[in-house]
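Student: Okay, predicted coordinates and the sequence, questions at the end:
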Amino acid sequence: MTAIELYDRPSPGFDALVAHAAAVLESAATEHAGRIVQATSLGAEDMVLTDLIARHQLPIAIATLDTGMLHSETLALIPRIEQRYGLPVERHAPRHEATIAFVRRHGEQPMYQSIELRKSCCDLRKLQPLARMLNERSAWITGLRREQSAHRGAVPFNELDAQGRIKFNPLADWSWNDVWHYISAHDVPYNDLHDQFFPSIGCAPCTRAIAVGEDFRAGRWWWEDEKAKECGLHVKALEVAA
Ligand code: SF4
């Protein structure tokens, strides 16, 4: 069964959800003209956002983190987006020399050795490239939703990140079924791994398929304690201050 066959079931207020998400994007693009980017993970939610940005012709750049550890299915989505929407996708990668030195020191799969090494890998391959992506930008767009995990249960439509930029989360109140209804209704391209029971997709060594009944993010860093399972991309300003 495909992800569309499994999940395409819209909420009763689906049209209002779409209108609200589009309004959040429009006002974000106006407020932060020329200084705003969609940081796409290339997951299902982010594909909805890219489609909305393209559909409404909003001046919001599209960018992704090419960690060097992504599945081939994820990488294959980049040219599909560029072709479908006629928009360039910026790719922000880790520094080559630093990556070589890290791998030489800790091996190809340091993430399984300790949480500290896993976080160092995320810092090198995700947080540092993200900082370069956001440099000279005042706002960014993400596909965070409240339903994704207990940790994300209070995600607002906009918030301050740790550096004081505005982070917009236009799909905060969408369900997973709404996401798939939008994808189906608008024939949005999506990662083939979603049809293989990967709801949340990150780097290849740190993502697995989930079984029936498992939590949405059970396939991410599955060997770690639940509380440690964020890579640091979405740390809030208040958490940093604490
Ligand atoms: Fe490294 Fe895994 Fe983090 Fe990707 S998700 S940067 S492979 S530890």
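Tutor: Good, I have the coordinates. Nothing here was measured: the structure is a model prediction, and the numbers come from that model.
Student: and after whichever helix in the chain runs longest, which helix or strand comes next?
Tutor: Criterion DSSP state H: the longest helix present in the chain is helix 14-31. Where DSSP states H and E defines the elements, the next helix or strand beyond helix 14-31 is strand 36-40.
Student: Partner strands of that following strand and their direction?
Tutor: Strands adjacent to strand 36-40 in the sheet, as given by DSSP bridges, are strand 61-65 (parallel), strand 139-141 (parallel).
Student: sorry, back to before: against which helices or strands is the longest helix of the chain packed?
Tutor: helix 44-55, strand 139-141, strand 166-168, helix 176-186 (3 or more CB pairs under 8 Å, 6 or more residues apart in numbering; DSSP states H and E). C-beta coordinates here come from the backbone N, C-alpha and C atoms, glycine included.
Student: Leaving out chain neighbours, which residue sits closest to the residue nearest the centre of the chain?
Tutor: Central residue check for the chain by CA atoms, centre = their mean: the C-alpha nearest the mean position is that of Ser41, 3.3 Å away. Using CB to CB, 6 or more residues apart in numbering and skipping the chain neighbours, the partner closest in space to Ser41 is Gly143 (6.7 Å).
Student: Hmm, Gly232 and Cys122 touching each other?
Tutor: Yes. Between Cys122 and Gly232 there is a contact under CB atoms under 8 Å: 5.9 Å.
Student: quick one: low-confidence ranges for the chain?
Tutor: The model of the chain has pLDDT under 70 over residues 226-231, 235-242.
Student: what does it have sitting close to the ligand?
Tutor: 67, 69, 111, 118, 121-122, 125-126, 202-203, 205-206, 231 (CB under 6 Å from any ligand atom).
Student: In helices only, show me those residues.
Tutor: Per DSSP H, the subset of the residues of the chain next to the ligand in helices is Arg118, Cys121, Cys122.
Student: Give me the angle between the longest helix of the chain and strand 36-40.
Tutor: 130 degrees (axes from the mean of the first three to the mean of the last three CA atoms, to 10 degrees).
Student: Contacts made by helix 14-31 with the rest, please.
Tutor: Defining contact as CB atoms under 8 Å, 6 or more residues apart in numbering, one finds that helix 14-31 is touched by 11, 36, 48-49, 52-53, 56, 58-60, 139, 141, 157-158, 166, 168, 170-171, 173-174, 178, 181-182.
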